[in-house]
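Engineer: the following block contains a protein sequence and its predicted model.
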Amino acid sequence: MISHPLDSAVFHVLAGTTQALTGRQVARLASEGSQQGIWKALNRLVDEGVVEREEAGSSALYTLNREHLAAPAIELLTNLRGDLLERLRRTFGNWEIRPMHVSMFGSAARGDGDTDSDIDLFIVRPEGMDVEDATWRDQLDKLADSVRRWTGNHAGIVELSAGDLVELRRRRPPVLDELDADAITLAGPDVAKILRGES
């Protein structure tokens, strides 16, 4: 059913609501694509029967056809990011050495990544933890392996110590802007508090 890159963007929007949306609303909520591109995707999916269109005056309203045989698979695929976040939270909660903070950022957090995108994770070691501690390194290695097996994507891990946060705030590298913009906290204090030094 997903025969075009914009199909998944449309499905992500329509699977998340039972409300009928105009093409303009779908385009505004979609993670990618122009308004014209989204309209073309909607019309193609209507022709395939996966999306239903209802005329409403001069506008058309679109909904996911939940009676279509493909609907359960579409809803499952659109929930994958939420499932990944839950698995990651569970993983960090089970670590022998708990991180001070973990967040996901970049395209994975925004939901606009693809098969070539890394799953970017920002991890802060606990106070006084040696970077070469064998248990800590083993946890990170297993995390990278799990992310690869779960998603097919590589884990892009930015790891630093609690003490490094002061220098990070002073230098303001580009990664900090990404964290400010779209990071999702997975473990420890909220990312905004970490970045402001309130943890």
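Structural biologist: Arrived safely, thanks for sending.
Engineer: and the helix or strand containing Trp150, what other elements does it pack with?
Structural biologist: Assigned by DSSP states H and E, Trp150 belongs to helix 134-151. In terms of contacts (3 or more C-beta pairs under 8 Å, 6 or more residues apart in numbering; DSSP states H and E), helix 134-151 is packed against helix 80-93, strand 119-125, strand 155-161. The C-beta positions use only the backbone N, C-alpha and C, and glycine is treated the same way.
Engineer: next, the angle from it to helix 80-93.
Structural biologist: 160 degrees (axes from the mean of the first three to the mean of the last three C-alpha atoms, to 10 degrees).
Engineer: work out the gap between helix 134-151 and the centre of the chain.
Structural biologist: 19 Å (C-alpha atoms, centre = their mean, to the nearest Å).
Engineer: for the helices and strands packed on helix 134-151, which one sits closest to Phe11?
Structural biologist: helix 80-93 (11.5 Å; C-beta to C-beta).
Engineer: buried sites along the closest one?
Structural biologist: 81, 84, 88, 91-92 (16 or more other C-beta atoms under 10 Å).
Engineer: pLDDT below threshold where in this structure?
Structural biologist: Along the chain, the model assigns pLDDT under 70 to residues 1-5, 31, 111-115, 199.
Engineer: break it down into its structural domains.
Structural biologist: The chain breaks down by automatic domain parsing into domains covering 5-77, 80-196.
Engineer: so how far is the shortest one off the chain centroid?
Structural biologist: What it means is domain 5-77. 20 Å.
Engineer: in CSV: the buried residues of helix 80-93, plus distance to Glu127.
Structural biologist: Formatted as CSV, the buried residues of helix 80-93 follow (distance: C-beta to C-beta, whole Å):
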residue, distance to Glu127
Arg81, 31
Leu84, 28
Leu88, 22
Thr91, 21
Phe92, 17
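Engineer: related to what we said a few turns ago, dump the helices and strands packed on helix 134-151 to JSON lines, plus distance to Leu45.
Structural biologist: Below are these laid out as JSON lines (distance: least, C-beta to C-beta, whole Å):
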{"stretch": "helix 80-93", "distance to Leu45": "19"}
{"stretch": "strand 119-125", "distance to Leu45": "28"}
{"stretch": "strand 155-161", "distance to Leu45": "33"}
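Engineer: tell me which of those lies nearest to Gly57.
Structural biologist: Of the helices and strands packed on helix 134-151, nearest to Gly57 by C-beta to C-beta is helix 80-93, at 35.1 Å.
Engineer: quick one: work out the angle between the closest one and strand 119-125.
Structural biologist: Using the same axes, to 10 degrees: helix 80-93 against strand 119-125 is 20 degrees.
Engineer: list the helices and strands the helix or strand following helix 80-93 packs on?
Structural biologist: Sequence-wise, the next helix or strand downstream of helix 80-93 (DSSP H and E) is strand 101-105. For strand 101-105, the elements it packs on are helix 80-93, strand 119-125, helix 174-182, strand 184-187, helix 191-196, judged by 3+ C-beta pairs under 8 Å, 6+ apart.
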